[in-house]
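>>> Okay, predicted coordinates and the sequence, questions at the end:
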Amino acid sequence: MIRSKWMLKKAWKAKRQGQVWVVENENGQRGYFKFATAKQWYYSGPMIANEYIALALAKKLGFPAAELVQATVRGPDGKKQTGIVSLEKPAKEIITWREAGEELHSQPERFVEQIDKLRTLVVFDAWIANIDRALGKNLILFRNDAKEKYKWYLIDHGHTLYGSPRKWKRGKMGARIWLQLWKYYHVPKGLQRLQSSWPILYEEIKKIESITPCEIDEALNSVPPGSLRKKERAFIKRLLFYRQKRLRTIIRRWLAYKGTKEYGSDK
């Protein structure tokens, strides 16, 4: 595979867990370049590994997600940084779920394709211990014509799986909180109503339960060399097995919980 040369378009975000730049390659392909320094480990953890493993598992389950490529980009200061580019889908209109507006949030069935798959997103996020979907910024909608329904894909899985050491200040892997999904995860606005049926969510649970240890190893092996230490690899593998076995319990408790489960909801 020929590596593309990525050029900085603008430095977009600088967070405790790393930086995000908007980049473009020689073919006009646009993407979002992410990297973190060693000093940011407490907040970033093995970000690249988290991203690649989550992508591999999403593909296995049929969830559309942004492709990733490794890259080195020269920054505003002239220094080169190494990280990954999350590729943006080429389309005339690209918005986040959050930007979509109240009409779509109230009736997503009217405006969005693959709605049956979107209904089960909470199950996937529960399995990979995602703590960062609530705002809807990590759920992207795109289309080429205003008369079309939106297609969608997932991005930004740096806080899934191991996440970072900061994530586990809430409690160890086996702590009670990690079985109480509503305490660290809210669904994006407008999705809770679509995800309130056990039969619908159970079908996705069964798919995840059927994923074999060999397939989990394949996802772990998708990580670029040097991006995942042995200790964190073992942790992520244990986490996926642990939550795979407890997924029915996690989702049943989430369905039964009567408090706030959706971002922006007071109910």
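Now that the structure is in, tell me what you want to look at. Residues are numbered from 1 along each chain as shown.

>>> shaky segments in the stretch 151-267 of the chain?
Applying pLDDT under 70 to the stretch 151-267 of the chain flags residues 266-267.

>>> which stretches of it form strands?
151-154 (DSSP state E, counting those that start in this stretch).

>>> Which helix runs longest in this structure?
Across the chain, the longest stretch assigned as helix under DSSP state H is helix 230-256.

>>> show me where this protein has helices.
With helices called from DSSP H, the chain shows them at 41-44, 47-61, 102-106, 108-111, 115-118, 121-127, 198-209, 213-221, 230-256.

>>> Determine which stretch of those is the most buried.
helix 121-127 (a mean of 24; mean count of other C-beta atoms under 10 Å). Any C-beta I mention is one placed from the backbone N, CA and C, and that applies to glycine too.

>>> Let me see the mean pLDDT of that helix.
Regarding helix 121-127, the rounded mean pLDDT is 98.

>>> got the CA positions of it in PDB?
Presented in PDB, the C-alpha positions along helix 121-127 are these (Å, rounded to 0.1, in the frame of the first residue of the first chain):
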ATOM      1  CA  LEU A 121     -25.300   1.200  18.900                       C
ATOM      2  CA  VAL A 122     -25.700   1.300  22.700                       C
ATOM      3  CA  VAL A 123     -24.900  -2.400  22.900                       C
ATOM      4  CA  PHE A 124     -21.600  -2.000  21.000                       C
ATOM      5  CA  ASP A 125     -20.600   1.000  23.100                       C
ATOM      6  CA  ALA A 126     -21.500  -1.000  26.300                       C
ATOM      7  CA  TRP A 127     -19.300  -3.900  25.200                       C
END
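
>>> what's it packed up against?
helix 47-61, helix 198-209, helix 230-256 (3 or more C-beta pairs under 8 Å, 6 or more residues apart in numbering; DSSP states H and E).

>>> what's the angle from the longest one to helix 213-221?
When axes from the mean of the first three to the mean of the last three C-alpha atoms, to 10 degrees is applied, the directions of helix 230-256 and helix 213-221 differ by 120 degrees.

>>> Same question for the shortest one.
Angle between the axes of helix 198-209 and helix 213-221 is 80 degrees (criterion: the same axes, to 10 degrees).

>>> Centre of the chain to helix 198-209, how far?
19 Å (C-alpha atoms, centre = their mean, to the nearest Å).

>>> what's it in contact with?
61, 116, 119-120, 122-124, 127, 195, 244, 247-248, 251-252, 255 (C-beta atoms under 8 Å, 6 or more residues apart in numbering).

>>> picking that back up, in JSON lines: the helices and strands packed on helix 121-127, plus distance to residue 6.
Below are the helices and strands packed on helix 121-127 laid out as JSON lines (distance: least, C-beta to C-beta, whole Å):
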{"stretch": "helix 47-61", "distance to residue 6": "15"}
{"stretch": "helix 198-209", "distance to residue 6": "34"}
{"stretch": "helix 230-256", "distance to residue 6": "27"}
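
>>> hang on, the earlier thing: can you lay out the helices of the chain as a markdown table showing distance to residue 79?
Compiled in a markdown table, these are given as follows (distance: least, C-beta to C-beta, whole Å):
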| stretch | distance to residue 79 |
| --- | --- |
| helix 41-44 | 18 |
| helix 47-61 | 19 |
| helix 102-106 | 41 |
| helix 108-111 | 43 |
| helix 115-118 | 40 |
| helix 121-127 | 35 |
| helix 198-209 | 42 |
| helix 213-221 | 31 |
| helix 230-256 | 27 |
